[in-house]
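A.B. asks: Quick one: sequence plus predicted model below, questions after.
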Amino acid sequence: MCVLVQAEGSGSGEQVFVRKLIELHNKYMAYVTDCFANNTLFHKALKEAFEVFCNKILPGCSSVELLASYCDNILKKGGSEKLSDDAIEEQ
């Protein structure tokens, strides 16, 4: 299992990493949607860029392991915040 340094704020390093990754994807998806008129070539470029990034191996673990662990944590325990069903679905 990966060991990450606890980041500032609440949640484990894995949770912070995944949330930041989702924020980054949403940011660039907004650019594709708003600035590039939802052009399929830009969707494909964004998808491929995130695949390359997510498949990189971090020291001691991979991004894929972190994403899987994060999803497993959300689905099994409702996350560290004890989320409702709607909040889990949103996550």
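C.D. replies: That came through fine.

A.B. asks: burial of residue 55, as a residue count?
C.D. replies: 10 (other Cβ atoms under 10 Å). (Glycine included, C-beta is placed from N, CA and C.)

A.B. asks: again with the one 3 residues further on
C.D. replies: Using other Cβ under 10 Å, residue 58 has 12 neighbouring residues.

A.B. asks: For it, grab phi and psi.
C.D. replies: Backbone torsions for residue 58, taken as degrees, to the nearest 10, come to phi -80, psi 160.

A.B. asks: Then residue 36?
C.D. replies: phi -120, psi 20.

A.B. asks: Excluding chain neighbours, what is closest to it?
C.D. replies: Using Cβ to Cβ, 6 or more residues apart in numbering and skipping residues adjacent in sequence, the residue nearest residue 36 is residue 42, 4.3 Å away.

A.B. asks: where's that neighbour, which helix or strand?
C.D. replies: Here residue 42 sits within helix 40-54, counting by DSSP states H and E.

A.B. asks: tell me which residues in that helix are buried?
C.D. replies: 42, 46, 50 (16 or more other Cβ atoms under 10 Å).

A.B. asks: Need those residues in TSV (columns: distance to residue 23).
C.D. replies: Shown next, in TSV, are the buried residues of helix 40-54 (distance: Cβ to Cβ, whole Å):
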residue	distance to residue 23
42	19
46	14
50	13
